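Novice: Next comes the sequence, and after it the predicted model I'd like to discuss.
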Amino acid sequence: MKTILNKPRVVGAGPVPSAPGAASFASRRTQGLMIGVGVIVVLLIVGSLAAPDFVTVSNFLGVIRSASITGIVALGLTFVTISGNYFSLSVAQTAILTSVVYAAVASTSGFFVAILATIAVCLFLGLIQGAIIGAGGNPVVVTLAAGATTLGVVLLMTSSNRVRLTADPGSLAVAIGRSAPLGIPSATWAFAIVAVICYLILQRTSLGRQTILVGANRKTANAVGFNVRGIIIWAFVISALTAGCAGVLTAAEFGVADTAQFPDLDINAVAAVLVGGTAIKGGEGSILQTCIGALFIALLRNLLQILGLSTGIQLLVIGAVVTIAVCTYVLVKGKGK
């Protein structure tokens, strides 16, 4: 791995340079968190008035589970966006492939071999896409092509059929998706754990700080000797690993893997990142804000479903929310300059 991300070739032993505008960024991040919490509160109030079943314990547990899967993927996607590469449009297909691989391997070779197999798949997909994009490929085009290719591979592997997880119901291969320690679903625990890991990487490591600077100003990152291509590769590897985590948890929970399990994962994950306030051009973002964005998107989706609105209208509403969020961010940032 040392060959992928070399130590910056900077004369002297000084710290990694900070991204420009760090103080103003911290202020905007605090404002973003407050706005995000406020918007969720407003949504809960409006939802409770529009649909009494919206604010119930059972419904909220379902929302948390949905937010967890979307959130895990969005956390990895945050690194891609912060690095200045917009977003990945292959996360749903990555989740599908890893769920199929996990279900098939866990049924024959057990949990640990299945986990190693899915990690290998994620590393391969992340490395390939990151290397091409790091070399100058358009991230939207590359990830669209990667997603189509990955889905094609899944269809060939499965002959368009479901793959069932036939492991013993009491085995770890199944428990990882169906258990609920302290009454909290395993997916939610995984979301919390992944969020903490991503926060530590982004805020407490050289890799995280370099990722922010690459997204904020790629020319500066090159000038100080950062391995920009290596950082981009790592961002896509992290994104692939979180998508794989979602695939594993879903296959374990439902005991089956198929191509229809993640119909809106791409748009939901992208929406969570952008609604959370991560700058679409890179350089600014927050793991906690992405978590809030994932919860907001899950709550909004759930309310629209309870109201009986069609899938088309749901996508229209979410698209409008993302557009408003991005436009608002741009306006606020412009005024702050």
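Specialist: Structure's in. What do you need? Because the structure is predicted, anything quoted here is derived from the model rather than measured.

Novice: All the helices of the stretch 151-300 of the chain, residue numbers only.
Specialist: Remark: helices assigned in the stretch 151-300 of the chain by DSSP state H, counting those that start in this stretch are 172-178, 186-204, 206-216, 218-223, 228-254, 265-275, 287-306.

Novice: Reformat those as JSON lines; add mean pLDDT.
Specialist: Formatted as JSON lines, these follow (pLDDT from 0 to 100):
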{"stretch": "helix 172-178", "mean pLDDT": "93"}
{"stretch": "helix 186-204", "mean pLDDT": "95"}
{"stretch": "helix 206-216", "mean pLDDT": "93"}
{"stretch": "helix 218-223", "mean pLDDT": "90"}
{"stretch": "helix 228-254", "mean pLDDT": "96"}
{"stretch": "helix 265-275", "mean pLDDT": "91"}
{"stretch": "helix 287-306", "mean pLDDT": "92"}
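
Novice: how about the ones you listed, which one is nearest residue 75?
Specialist: Closest approach to residue 75 among the helices of the stretch 151-300 of the chain (Cβ to Cβ): helix 186-204, 4.7 Å. No exception for glycine: its C-beta is placed from N, CA and C like everyone else's.

Novice: which stretches of the chain aren't confidently modelled?
Specialist: In the prediction, the chain carries residues with pLDDT under 70 at positions 1-32, 35, 330, 332-337.

Novice: Show me where the stretch 51-200 of the chain has its strands.
Specialist: 163-164 (DSSP state E, counting those that start in this stretch).

Novice: Now the residue nearest the centre of the chain. Nearest residue, chain neighbours left out?
Specialist: Residue closest to the average C-alpha location in the chain (Cα atoms, centre = their mean): residue 74, at 2.0 Å. Using Cβ to Cβ, 6 or more residues apart in numbering and skipping residues adjacent in sequence, the residue nearest residue 74 is residue 272, 3.9 Å away.

Novice: was I right about that neighbour contacting residue 76?
Specialist: No - the criterion here is Cβ atoms under 8 Å, and residue 272 misses it with residue 76 at 11.3 Å.

Novice: ranges for the helices of the stretch 1-150 of the chain?
Specialist: Remark: helices assigned in the stretch 1-150 of the chain by DSSP H, counting those that start in this stretch are 22-50, 57-82, 91-109, 111-134, 139-158.
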